[in-house]
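Visitor: one predicted model, sequence on top.
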2 protein chains.
Amino acid sequence: MGPMDTPRLDAIDRRILRALHHNARLTNAELAEQVGLSPSPCWTRVKRLEQAGLIQGYVAILDQAQLGLPDTVIIEVMMERHDEESLKRFEAAVTEMPEVIEAWLVTGEYDYVIKAAVGGTAGYERLLREKLYRLPGVRHTRTSFTLRCLKQSWTPSP
Amino acid sequence: MGPMDTPRLDAIDRRILRALHHNARLTNAELAEQVGLSPSPCWTRVKRLEQAGLIQGYVAILDQAQLGLPDTVIIEVMMERHDEESLKRFEAAVTEMPEVIEAWLVTGEYDYVIKAAVGGTAGYERLLREKLYRLPGVRHTRTSFTLRCLKQSWTPSP
DNA sequence: GATGAAAACTTTATAAG
DNA sequence: CTTATAAAGTTTTCATC
């Protein structure tokens, strides 16, 4: 089930990836038709792509506004101390927060970039004051509120 | 098919969302078992959640390294001019770039935040010099290379 | 909400061209 | 690769408790 050595991708593989990236619930028959193959080789290719780890999984995309968290914020975090201990604790805590959608260790002026879903400025303030700033080692943060999403993909276009 | 008025979510709805957020290819029978319902009411709820727009879609998650774009960068962009015309052209161009995974209009010092997948520093330089800086109206950018992903979700945890 | 049943379709495997 | 076959499982609808 883990990643194996990278297979070369031909045009049909790319069409399969694009189709499933767009709709993960296509049936094999529908997919085969879309990519111009008969069902049986199509099925073989999908299994090969899954086993090669190229397809990592299938997820449902939910509406975060209807889940009560309509606003997306991007928070950059600068740490005071950079010892293993502080960073590990910070990372573990951030990973556990349900409003955190994405978190990266990055190069540059700041140490981490976090994308979170919150309910307005009140929800943001709560996240910042009650959660992030209570974690030891946080020196400074800098936040951008998102106003509009221009593009949201879940992987680069195949 | 579009979003309707928000239904209240009970505990079972949340379990359905969590399960499908984790694996969008569960069969209705498997899902029903996981959430403690028999298949037919489970199926009715899923359809209701889809029609309410709470489930926006189902996507396959692909391995960007195997697609030839192993590195993720976060690029903040400051514009020179903020007239409708310049912004529209910029947004249209960014949206079309296959390496751009996500792009937001934001508040704060910069105007846009873009997440892109590139092949190393060479791929990044190409994106910046051959694509982003050729767009009219771009004054300045500031990039963080990501070193490690701590968390990657596709919506906040239900 | 649960259950059960039936028809249409899907998955998965295999065989043969 | 294609077409064809077949068994097992799944979806979807509908009737009934």
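Guide: Received it, and whenever you're ready, just let me know what you need.
Visitor: residue in chain A nearest to DNA strand C?
Guide: A:Asn28 (3.1 Å; CB to the nearest atom of the strand). Placement of C-beta: from N, CA and C, glycine included.
Visitor: grab the longest strand from chain A for me.
Guide: Counting by DSSP state E, the longest strand found in chain A is strand A:138-152.
Visitor: how about that one, which residues are buried there?
Guide: Of the residues in strand A:138-152, A:Val138, A:Thr143, A:Ser144, A:Phe145, A:Thr146, A:Leu150, A:Lys151 count as buried by neighbour count, 16 or more other CB atoms under 10 Å in any protein chain shown.
Visitor: what's near enough to touch the first one?
Guide: With CB atoms under 8 Å, 6 or more residues apart in numbering or on different chains as the criterion, the residues that contact A:Val138 are A:Val77, A:Met78, A:Met79, A:Glu80, A:Phe90, A:Leu132.
Visitor: go with 10 Å
Guide: A:Val77, A:Met78, A:Met79, A:Glu80, A:Arg81, A:Ser86, A:Phe90, A:Asp111, A:Tyr112, A:Leu128, A:Leu132 (CB atoms under 10 Å, 6 or more residues apart in numbering or on different chains).
Visitor: just A:His82 next, same as before
Guide: If you count contacts by CB under 10 Å, 6+ apart, then A:His82 has A:Asp111, A:Gly137 around it.
Visitor: need the three-state assignment for it.
Guide: Of the three states, A:His82 takes coil under DSSP: H, G, I helix; E, B strand; the rest coil.
Visitor: tell me how far it lies from A:Phe90.
Guide: 10 Å (CB to CB, to the nearest Å).
Visitor: how about stretch A:14-23 and DNA strand C, touching?
Guide: No - Stretch A:14-23 is not in contact with DNA strand C by CB under 7 Å from any atom of the strand; minimum separation 11.3 Å.
Visitor: about what we covered before: find residues that contact each of A:His82 and A:Phe90.
Guide: A:Asp111, A:Gly137.
Visitor: ok, back up a step: can you tell me the closest non-neighbouring residue to the residue of chain A closest to DNA strand C?
Guide: Spatial nearest neighbour of A:Asn28, excluding adjacent residues (CB to CB, 6 or more residues apart in numbering or on different chains): A:Trp43 at 5.0 Å.
Visitor: does the one you found count as helix, strand or coil?
Guide: helix.
Visitor: mind listing what it touches?
Guide: A:Asn28, A:Ala29, A:Leu31, A:Ala32, A:Leu37.
Visitor: tell me which element the third one is part of?
Guide: With elements taken from DSSP states H and E, the one containing A:Leu31 is helix A:28-35.
Visitor: now that helix: buried residues?
Guide: Buried residues in helix A:28-35 (16+ other CB under 10 Å): A:Leu31, A:Ala32, A:Gln34, A:Val35.
Visitor: how far does it sit from its chain's centre?
Guide: Remark: helix A:28-35 is offset 27 Å from the chain centroid, using CA atoms, centre = their mean, to the nearest Å.
Visitor: near DNA strand D at all, it?
Guide: No - on the criterion CB under 7 Å from any atom of the strand, helix A:28-35 is out of touch with DNA strand D, staying 7.7 Å away.
Visitor: tell me what that helix is packed against?
Guide: Packing partners of helix A:28-35 (3 or more CB pairs under 10 Å, 6 or more residues apart in numbering or on different chains; DSSP states H and E): helix A:11-22, helix A:39-51.
Visitor: just want the angle from that helix to helix A:39-51.
Guide: 90 degrees (axes from the mean of the first three to the mean of the last three CA atoms, to 10 degrees).
Visitor: quick one: average pLDDT of helix A:28-35?
Guide: Average pLDDT, helix A:28-35: 94.
Visitor: chain A - how does it break down into domains?
Guide: Domain ranges of chain A: A:1-60, A:71-145, per automatic domain parsing.
Visitor: distance to B:Asp13 added to the ones you listed, as CSV?
Guide: Converted to CSV, those look like this (distance: least, CB to CB, whole Å):
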stretch, distance to B:Asp13
domain A:1-60, 13
domain A:71-145, 16
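Visitor: out of these, which gets nearest to B:Pro98?
Guide: domain A:1-60 (10.6 Å; CB to CB).
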